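Peer 1: Fold the following.
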Amino acid sequence: MEEVLAIHVILDQIQSVQGAGGQVAMICFHGTFTCSLGTGKVLPGGVDTQIERQGQERTLSARYILEGQDRENRTFHIFVENNGVCGKNGVITTTPVILADAEELQWMEREKLTGTVESDGKDGVMIKIYRGMDG
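Peer 2: I've put the predicted structure just below:
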């Protein structure tokens, strides 16, 4: 298993609704990232929508765009749609979908990727995206 993207997310604002059949939270965030091509930031507008319907596991769907600089100071962008499930043990596993405007990263668009989300122990989470989960 090879880590291909690490994103440190800082939570900005949480809006939630508690209904009769479940609860939803929309979490706005910002942050930073690293990958093989370079480093950068999460652009404004990233949001994670988490839904927990009565009697079901909590699901999440986050969408955001990363903007980075490569070693030659060229700007590149990565769109991430990260869908996942919050397990009973608190472990969050995801299935990311990636689009990238840098040719060097476009292999991620075709690769089967997996991800994890863990607390950073402070005000955010660490998202790690991997390839080669199946060996």
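
Peer 1: In the biggest strand by length in the chain, which residues are buried?
Peer 2: For the chain, the strand reaching the highest residue count under DSSP state E is reported as strand 2-18. Residues 4, 5, 7, 9, 11 are the ones in strand 2-18 that count as buried (16 or more other Cβ atoms under 10 Å). The C-beta positions use only the backbone N, C-alpha and C, and glycine is treated the same way.

Peer 1: Starting from it, tell me which strands it pairs with and how they run.
Peer 2: Note on strand 2-18: by DSSP bridges, its sheet partners are strand 22-35 (antiparallel), strand 124-131 (antiparallel).

Peer 1: Can you tell me which of the buried residues of strand 2-18 is nearest residue 129?
Peer 2: residue 5 (4.1 Å; Cβ to Cβ).

Peer 1: OK, contacts around the closest one?
Peer 2: 33, 34, 35, 78, 80, 96, 98, 108, 127, 128, 129 (Cβ atoms under 8 Å, 6 or more residues apart in numbering).

Peer 1: what helix or strand is the fourth one on?
Peer 2: Here residue 78, judged by DSSP states H and E, is contained in strand 75-86.

Peer 1: okay, now the closest residue to residue 10 other than its chain neighbours: neighbour count?
Peer 2: Closest residue in space to residue 10, ignoring its immediate chain neighbours: residue 124 at 4.2 Å, by Cβ to Cβ, 6 or more residues apart in numbering. Residue 124 has 17 neighbouring residues, counting by other Cβ atoms under 10 Å.
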